[in-house]
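Student: Provided below are the primary sequence and the corresponding predicted coordinates.
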Amino acid sequence: MDNYSDLQLSPQQAEGILLNLFDIQGSARPLPGEIDLNFKVKAKDGGEYVLKISRPGEDESFLHFQQCILEFADQNGGGIISPKVVKDRYENPISSFTDDFGNLRKVRLLTWVSGRLWSSVNPQSDGLRSSLGEQCGRLTSALQGFDHREAHREFEWDVARSLWTKDHRHLFPDEKLKIVSFFQEGFERQFQSYGKLRKSVVHNDANDNNVIVSSDLVSPKVKAVIDYGDAVYTQIINDVAIACAYAIMHHNDPLAAAQPIVRGYHATFPLEAGELEHLYHAMAMRLVVSVTKSALNKMAEPGNEYLLISERSAWDLLRKWRNIDPDFAHFSFRQACGFPAHPD
């Protein structure tokens, strides 16, 4: 394992890398990031960017995948806003430099998408949720036809692979165990028909910190979805499920809050009736992955308060979701998409 402090770079070092590799003068400030070191850059000429510096030994094929998906979305997106790849002074989409410890580090520069994070927007209206669905549908549509070897990876955050969480049921006490088991068993019962649903490469992570909302305070709209690092080849309905799961947290009636998102998505990327049968459990399984990850992380880092915050919201939503009848949810989603509420 790399020594964490050896991986860090100061804003001044980031500014030097920016000038050397991209010929851009500007000021850099650190941004949070799980894997890459990220800096927000304000260039002297007014441009704004994200500078992404990888850890030593980062798989270049995976970085290539991320650059390819951004370029594909940019060319085929029909006007969606997505971060654009900025090539270095030698026309490379991925650059590199050697750090003070002799490690080769990969560097990428993307344009900054301005606006507010979904997590900071209050109140969140049905109109805003509908625009979230529309943007996510446009992005799914933009990625149709894209493929890459790295998209077909084993990935714990892929809802299609979420039954790995069954191996960790022992982490949960009685009430939580009942909730988790209910959703795992429901998902497993439908797994055969779920496996036959449409698949493509999808964004897979429209969470509240990856969704950019316009600055308009009266009728804000979702402008863009950023951070394609979790993109994966999987069932298309999972992308809808993830957008819903994060956007309906903290709502008293989560099903009512989910309907405008589903309606908006269907308007820009038409969903099939058979896909809607699986939406209730797909949403739940994304949350089950989240709380299982939190439980595992808590064992690894017992002092990390941040892990507890996101976990509490996920459990609150799982409890509410458990109280909604799966059939009623299914019929509500059908109605939101303009199908007859009952399949028969």
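Tutor: That came through, no problem.

Student: tell me if N38 really is in a helix.
Tutor: No - going by DSSP: H, G, I helix; E, B strand; the rest coil, the assignment for N38 is strand, not a helix.

Student: could you check how far the closest residue in space to it that isn't next to it in sequence is from A14?
Tutor: Nearest residue to N38, sequence neighbours excluded (C-beta to C-beta, 6 or more residues apart in numbering): L31, at 4.0 Å. (Glycine included, C-beta is placed from N, CA and C.) Separation of L31 from A14 (C-beta to C-beta, to the nearest Å): 11 Å.

Student: return every residue with contacts to both of the two.
Tutor: In terms of C-beta atoms under 8 Å, 6 or more residues apart in numbering, L31 and A14 are both contacted by the residues F39.

Student: between the two, which one's more packed in?
Tutor: It is A14, of L31 and A14, that has more neighbours when counted by other C-beta atoms under 10 Å, with 23 against 13.

Student: show the contacting residues for the more buried one.
Tutor: Neighbouring residues of A14 by C-beta under 8 Å, 6+ apart: A28, L37, F39, V41, L51, I53.

Student: which two among the residues you listed are spaced furthest apart?
Tutor: By the measure C-beta to C-beta, L37 and V41 form the most distant pair in the contacts of A14, at 12.7 Å.

Student: okay, those two: which has more neighbours?
Tutor: V41 (23 against 19).

Student: pLDDT wise, what is the residue most central in space within the chain at?
Tutor: In the chain, the residue lying closest to the centroid (C-alpha atoms, centre = their mean) is D205, at 1.3 Å. We have a pLDDT of 96 for D205.

Student: ok, and the closest non-adjacent residue to it?
Tutor: Excluding the flanking residues, the one nearest D205 by C-beta to C-beta, 6+ apart is D230, at 3.9 Å.

Student: what is the burial count for that neighbour?
Tutor: Around D230 there are 17 residues (other C-beta under 10 Å).

Student: what helix or strand is it on?
Tutor: For D230, there is no enclosing helix or strand under DSSP states H and E.

Student: contact partners for it?
Tutor: Neighbours of D230 in contact, by C-beta under 8 Å, 6+ apart: F155, W157, H203, N204, D205.

Student: tell me the spacing between the last one and I53.
Tutor: In this structure, D205 lies at 21 Å from I53, with C-beta to C-beta as the measure.

Student: what is the neighbour count of G102?
Tutor: With other C-beta under 10 Å as criterion, G102 counts 7.

Student: kindly report the same for the one 4 residues further on.
Tutor: Under the neighbour criterion other C-beta under 10 Å, K106 is assigned a count of 20.

Student: please apply the same query to G78.
Tutor: Each residue near G78 was counted by other C-beta under 10 Å, and the total is 9.

Student: excluding chain neighbours, what is closest to it?
Tutor: Nearest non-adjacent residue to G78 (C-beta to C-beta, 6+ apart): A142, at 6.6 Å.

Student: OK, contacts around that neighbour?
Tutor: By C-beta under 8 Å, 6+ apart, the neighbours of A142 are F72, A73, N76, G77, G78, I80, S82.

Student: selecting buried members of these in ChimeraX, what would you type?
Tutor: To isolate the buried members of the contacts of A142 in ChimeraX, using 16 or more other C-beta atoms under 10 Å:
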select :72,73,80,82
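
Student: check contacts around S332.
Tutor: L255, Q259, A341.

Student: highest neighbour count among those?
Tutor: Counting neighbours by other C-beta under 10 Å, Q259 leads the contacts of S332 with 22 neighbours.

Student: what about it, helix or strand, and which?
Tutor: For Q259, the host element (DSSP H and E) is helix 254-268.

Student: which helices and strands does that helix pack with?
Tutor: Packed against helix 254-268 by the contact rule (3 or more C-beta pairs under 8 Å, 6 or more residues apart in numbering; DSSP states H and E) you find helix 126-142, helix 236-247, helix 305-322, helix 326-336.
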